[in-house]
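# Starting from these lines, generate the structure:
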Amino acid sequence: MSIRSSLVATTLIALLTPGLAGAADPAPQVPAKSAALSPNLTLGLPAEQVRRVLGQPLEVKPMKAPNGKAEIWVYVKEIGSRVDRVGIPTADIVTYSQGADSGMRQTITPGVVQFHDVRYVTEEITEVLLFNDHYVTQKVSRRERQDHQ
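Residues are numbered from 1 along each chain as shown. Below is the predicted model:
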């Protein structure tokens, strides 16, 4: 690998490292140590072998690189979940009716509590950096999302 290619690869690694790129993630993510970091991936491994080890990526993000082709392959795996029952109170129902004496009467029917299940899913996101169709590095993070049932 030439000095110029090494510099580009180092820059791309910095972009993948949390906090160095300067862009905010839309979903909260925390660094995770995980078994997703495959020991079978080594620096310079061809893209097809990476695909054989990790499978088809969920998403491929092309990156601008001055001297070659750079892209990030994204893999998402559900690693756990839990379900919480959440009570949501509804508003009281207020009705008005006219009485026999022509006066207005107010009736208040208390609101009920409706229960819903909320599923919290923990996902592991693995981002693999490829430069010129060869493996450079990977980053693993976790996030929790909610599924309302």
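# For the strand or helix carrying residue 140, output the C-alpha coordinates as CSV.
Using DSSP states H and E, residue 140 sits within strand 134-148. This file holds the C-alpha atoms of strand 134-148, laid out as CSV (Å, rounded to 0.1, in the frame of the first residue of the first chain):
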residue,chain,number,x,y,z
HIS,A,134,-10.7,-4.5,0.5
TYR,A,135,-11.4,-4.6,4.3
VAL,A,136,-9.9,-1.8,6.4
THR,A,137,-11.7,-1.9,9.8
GLN,A,138,-15.1,-2.1,11.5
LYS,A,139,-17.0,-0.4,14.2
VAL,A,140,-19.7,-1.9,16.4
SER,A,141,-22.4,0.1,18.3
ARG,A,142,-25.7,-0.6,20.0
ARG,A,143,-29.0,1.2,20.0
GLU,A,144,-32.4,0.6,21.5
ARG,A,145,-35.6,1.2,19.5
GLN,A,146,-39.2,1.0,20.5
ASP,A,147,-41.9,-1.0,18.8
HIS,A,148,-45.4,0.0,19.9
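# Show me how far that strand is from its chain's centre.
Distance of strand 134-148 from the chain centroid (CA atoms, centre = their mean, to the nearest Å) equals 6 Å.
# Give me the below-cutoff pLDDT ranges for this structure.
Along the chain, the parts satisfying pLDDT under 70 run over 1-37, 149.
# ok, now with 80
The chain contains residues with pLDDT under 80 at 1-39, 148-149.
# Bridged to residue 107, which residues?
Under the criterion DSSP bridges, residue 107 forms beta bridges with residue 95.
# I meant to write residue 148 there.
Note on residue 148: beta-bridge partners by DSSP bridges are residue 118.
# Just to check, it is in contact with residue 118?
Yes. Using CB atoms under 8 Å, residue 148 makes contact with residue 118 at a distance of 5.7 Å. All C-beta atoms are positioned from the backbone trio N, CA, C, and that covers glycine.
# more crowded one of these two?
Using other CB atoms under 10 Å as the criterion, residue 148 and residue 118 rank with residue 118 on top: 13 against 8.
# re the thing from before, for the strand holding residue 140, packing partners?
Here strand 134-148 touches helix 3-16, strand 30-31, helix 47-54, strand 113-131, going by 3 or more CB pairs under 8 Å, 6 or more residues apart in numbering; DSSP states H and E.
# Many thanks, have a good one.
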